[in-house]
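Enquirer: Show me how the following folds:
(one chain, ligands or ions: 1)
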Amino acid sequence: MATLTQVQETTRFLEAGSRSRLLAADAARLLPDGITRETIRRQPYAPAMASAHGSVLVDVDGDERIDLLYNHTALIHGHGYQPVTEAVTRQSRQLEAMPFPNEHETALARLLAPLVPVDDPLFRFTSSGSEAVMLAVRLAAVATGRPKIVVFEHCYHGAFVPASQAESPSPDYLLCPFNAPDLLRRLFQNHGRRVAAVLADLCPVRGALSPATQEFAEQIREGCARYGALLIADEVVSSRAAPRGMAAAYGLQPDVVCLGKYIGGGRPFGPIAMRRGLRTCFAPDHKPRLGHGGTFNGNPLSMTAGISALAGFGADKVADLDSATTAVCEKLNDLFARRDADWSARRAGSLFHFWPHRNLPASPGQARHHVSRSINQILQMLTHRLCVPQKVIVFQKTIEQGFLGRAPHQTKVQRPDCAEVRRQWRRIDLGRIRLSAPRQRIRVHPSHWR
Ligand SMILES: Cc1ncc(COP(=O)(O)O)c(C=O)c1O
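Expert: Here you go, the predicted structure:
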């Protein structure tokens with residue numbers, strides 16, 4: 001039986017006198033809880049990073065980690081991808097930012113058009129996925145003259161949309177459970193004429209990549225069509241999970257699509273694509289007017305980064321990355337099966353996830369209940385052992401998910417040293433993994449989550 005304490009991890013950053021510890025203490029003097037954003041919160045603090053190359057992140061104490069997070073999927077080519085860094089360096093010498101149009105905006109919009117399931121789309125640009133979602137929400141309110149937005153519980157849409165009642169509830173959002181078509185139908189019956197839009201991520205990363213059922217997707221389409229609400233597809237992450245995104249995979253035709261992350265080549269970027277009919281909402285004489293500014297929107301540095309990243313991510317590269325992700329999931333599933341462990345790994349495009357249960361959770365809410373923090377730690381150790389011995393994987397902190405990038409580590413992940421994997425795997429008894437404190441015994445067995 002393995003205990004968590006037996007697993008070797010790179011923990012120099014926690015030691016007294018480490019650079020990370022000093023920086024964390026310094027940060028706590030200036031920033032609430034020592035962090036600039038919630039998504040980097042760790043206990044007791046996260047290692048501070050100093051540099052990166054390819055798939056490797058190096059912390060300020062000199063320890064390396066394999067990165068399977070890639071800045072929340074934004075760095076699809078890995079760290080320091082040369083075409084992007086060279087294009088950005090060239091551009092920064094020529095022209096960085098100014099409140100005027102530039103040729104790169106149109107060039108990037110042209111590259112984005114085939115990525116969305118909107119005919120002949122129009123684009124507006126913001127500087128992050130969160131802003132793109134906010135712009136889409138405001139656009140829906142202006143276009144329909146209605147106040148309410150339907151969102152699904154525990155689906156993340158960035159910094160400003162509440163994902164649960166507990167999270168600063170706002171009167172403008174109607175929360176509905178995910179994958180609950182009957183409740184959505186009822187919600188439309190009760191509030192339909194006041195609903196401006198349904199905001200949906202059909203393959204929520206926080207829900208173990210457990211996608212919407214076809215019935216649920218159909219109910220979203222039906223409700224929007226019947227009550228005249230817009231459908232906003234949040235494809236900030238999921239656009240890489242299927243050709244032209246997840247909404248297209250369900251045969252939906254969204255009115256607005258929000259994008260972000262990798263399409264900005266790792267630089268701040270968050271566009272929306274919309275059907276042509278919505279253009280009038282942006283006209284200066286439209287009432288009410290949809291004011292949309294942004295000092296950094298369309299800045300030439302993000303534009304050239306996005307153009308270079310997309311140019312290097314053609315269909316062949318997408319297929320390569322998807323098949324590398326398939327290989328990782330097959331390897332995990334194979335090992336789970338051989339150890340008779342009722343766990344499963346799954347992928348959506350080049351996003352992957354593994355889960356301590358044969359069946360996927362039906363909704364992000366269920367995923368939240370099922371995954372405790374300590375289980376997460378164990379899963380992290382296992383992935384570490386299975387895929388990249390010797391190094392610690394940087395993972396999303398809440399639910400185990402990974403995003404492969406096109407950096408050189410892929411070969412390592414695809415072909416782990418089998419003898420090493422077997423050896424490590426033997427050390428871990430999935431039936432009874434014990435945490436260091438004996439009273440916190442956790443049975444890693446499916447019945448535990450039923
Ligand atoms: C589905 C989804 N929408 C929106 C966002 C917000 O994007 P950003 O962090 O760039 O503001 C995220 C971020 O993870 C996301 O996962």
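Enquirer: Show the subsequent helix or strand relative to the strand or helix carrying residue 272.
Expert: Using DSSP states H and E, residue 272 sits in strand 270-274. The first helix or strand that comes after strand 270-274 along the chain, using DSSP H and E, is helix 300-311.
Enquirer: is the ligand contacted by that following helix?
Expert: No: between helix 300-311 and the ligand, judged by C-beta under 6 Å from any ligand atom, nothing touches; the nearest distance is 11.8 Å. In this view, the C-beta of every residue, glycine as well, is placed from N, C-alpha and C.
Enquirer: and the helix or strand following that helix, how far out from the chain's middle?
Expert: Downstream of helix 300-311, the next assigned helix or strand under DSSP H and E is helix 315-338. Between the centre of helix 315-338 and the centre of its host chain there is 18 Å, according to C-alpha atoms, centre = their mean, to the nearest Å.
Enquirer: got the buried residues for helix 315-338?
Expert: 318, 320-322, 324-325, 327-329, 331-333, 335-336 (16 or more other C-beta atoms under 10 Å).
Enquirer: again, but for stretch 187-195
Expert: Buried residues in stretch 187-195 (16+ other C-beta under 10 Å): 187, 188, 192, 195.
Enquirer: Which residues of the stretch 151-300 of the chain lie near the ligand?
Expert: 156, 157, 158, 159, 201, 205, 234, 236, 237, 260, 270.
Enquirer: Do I have it right that the fifth one meets residue 157?
Expert: Read it as residue 201. Yes: here residue 201 reaches residue 157: they are 6.9 Å apart, a contact under C-beta atoms under 8 Å.
Enquirer: Spit out the residues that contact these two alike.
Expert: 234, 236 (C-beta atoms under 8 Å, 6 or more residues apart in numbering).
Enquirer: ok, back up a step: need the residues that contact the strand holding residue 272.
Expert: Contacts for strand 270-274 (C-beta under 8 Å, 6+ apart): 109, 112-113, 116, 118, 121-133, 135-136, 139, 236, 255-260, 263-264.
Enquirer: Least confident secondary structure element in the chain?
Expert: helix 410-414 (a mean of 36; mean pLDDT, DSSP states H and E).
Enquirer: and the residue of the chain nearest the ligand?
Expert: The nearest approach of the chain to the ligand comes at residue 129, 2.3 Å away (C-beta to the nearest ligand atom).
Enquirer: do you know how far the nearest residue to that residue once chain neighbours are set aside is from residue 240?
Expert: Nearest in space to residue 129, with sequence neighbours left out and distances taken as C-beta to C-beta, 6 or more residues apart in numbering, is residue 260 at 3.2 Å. Residue 260 sits 11 Å away from residue 240, going by C-beta to C-beta, to the nearest Å.
Enquirer: More neighbours: the two, which one.
Expert: Of the pair residue 260 and residue 240, residue 260 is the one with more neighbours under other C-beta atoms under 10 Å, namely 28 against 24.
Enquirer: That one contacts residue 134, doesn't it?
Expert: No: with contacts counted by C-beta under 8 Å, residue 260 stays clear of residue 134, the gap being 12.0 Å.
Enquirer: and after the helix or strand containing residue 88, which helix or strand comes next?
Expert: If you go by DSSP H and E, residue 88 is part of helix 82-94. Using DSSP H and E, the next helix or strand after helix 82-94 towards the C-terminus is helix 103-112.
Enquirer: Give the other helices and strands that that following helix contacts.
Expert: strand 122-126, strand 270-274, helix 300-311 (3 or more C-beta pairs under 8 Å, 6 or more residues apart in numbering; DSSP states H and E).
Enquirer: Pick the most deeply packed of the ones you listed.
Expert: Ranked by mean neighbour count, the helices and strands packed on helix 103-112 are led by strand 270-274 with a mean of 27 (mean count of other C-beta atoms under 10 Å).
Enquirer: just the angle between that one and strand 122-126, please?
Expert: Counting by axes from the mean of the first three to the mean of the last three C-alpha atoms, to 10 degrees, strand 270-274 points 160 degrees away from the direction of strand 122-126.
Enquirer: May I have the strands that pair with strand 270-274, each with its orientation?
Expert: The strands that strand 270-274 pairs with in its sheet are strand 122-126 (antiparallel), strand 256-258 (antiparallel) (by DSSP bridges).
Enquirer: Export the ones you listed as TSV, with columns for mean pLDDT.
Expert: Output for these, formatted as TSV (pLDDT from 0 to 100):
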stretch	mean pLDDT
strand 122-126	98
strand 256-258	98
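Enquirer: would you turn these into TSV with distance to residue 172?
Expert: Converted to TSV, the strands paired with strand 270-274 look like this (distance: least, C-beta to C-beta, whole Å):
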stretch	distance to residue 172
strand 122-126	19
strand 256-258	17
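Enquirer: Of all those, which one is nearest residue 146?
Expert: Closest approach to residue 146 among those (C-beta to C-beta): strand 256-258, 14.6 Å.
Enquirer: how distant is that closest one from the center of its chain?
Expert: 16 Å.
Enquirer: Also stretch 16-36?
Expert: On C-alpha atoms, centre = their mean, the centre of stretch 16-36 falls 26 Å from the chain's centre.
Enquirer: part of a strand, is residue 239?
Expert: No: counting by DSSP: H, G, I helix; E, B strand; the rest coil, residue 239 is not found in a strand; it is helix.
Enquirer: what's the distance between it and residue 255?
Expert: 16 Å.
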